[in-house]
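Participant: I need the structure of the sequence given here:
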Amino acid sequence: MDKVTSRLMVFFEAPFWVGVFERSVQGKLSAYKVTFGAEPKDYEVYDFILKNYYELRFSPAVAAAVKEKRINPKRMQREVRKQLQNRVISTKSQQALKLQQEQSKLERKTMNREKREIENQRQFELKQQRKKEKHRGR
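Facilitator: This next block holds a predicted model:
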């Protein structure tokens, strides 16, 4: 069975509080960035996770090294405390978020291009119709 690990980091990125979800599956890391606005309380973050986790659109997976080593509980506590002090986004997460941003940008461009072409076609047909109405032989 596959091992899935998830992590959420909440930090202040002026002027908003931001959360970065990291999900690691089979050595591939994907991320999702959510903007909270005002500083979220613990129960608000927990509620957000419960209600919205399955609707999150994670970025495409990026290869990441995964350590599968048993860690002493006290050492794990120290590492967690150190991570809480550090609060920086990992570079792999940044890469994954950048990839997601580029993909959504491409999708937006294609959608806008299609809308623009449809609107131009509609305008052209309107002009043609007006021309025909003018030259009806009246």
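
Participant: Check the burial of residue 64 by counting its neighbours.
Facilitator: Taking other CB atoms under 10 Å as the criterion, the count of residues near residue 64 is 17. Glycine gets a C-beta too; all of them are placed from N, C-alpha and C.

Participant: I'd guessed it sits against residue 31; true?
Facilitator: No - at 10.3 Å, residue 64 and residue 31 do not qualify as touching, with contact defined as CB atoms under 8 Å.

Participant: which neighbours do these two share?
Facilitator: Taking CB atoms under 8 Å, 6 or more residues apart in numbering as the criterion, residue 64 and residue 31 both touch residue 92.

Participant: can you pull out the strands in the protein?
Facilitator: With strands called from DSSP state E, the chain shows them at 4-13, 16-25, 28-37, 62-63.

Participant: Parallel or antiparallel, which strands does the shortest one pair with?
Facilitator: The one in question is strand 62-63. The pairing partners recorded for strand 62-63 under DSSP bridges are strand 28-37 (antiparallel).

Participant: Residues in contact with the strand it pairs with: which ones?
Facilitator: With CB under 8 Å, 6+ apart as the criterion, strand 28-37 contacts 10, 16-24, 44-45, 48, 56-64, 92-94, 96-97, 100.
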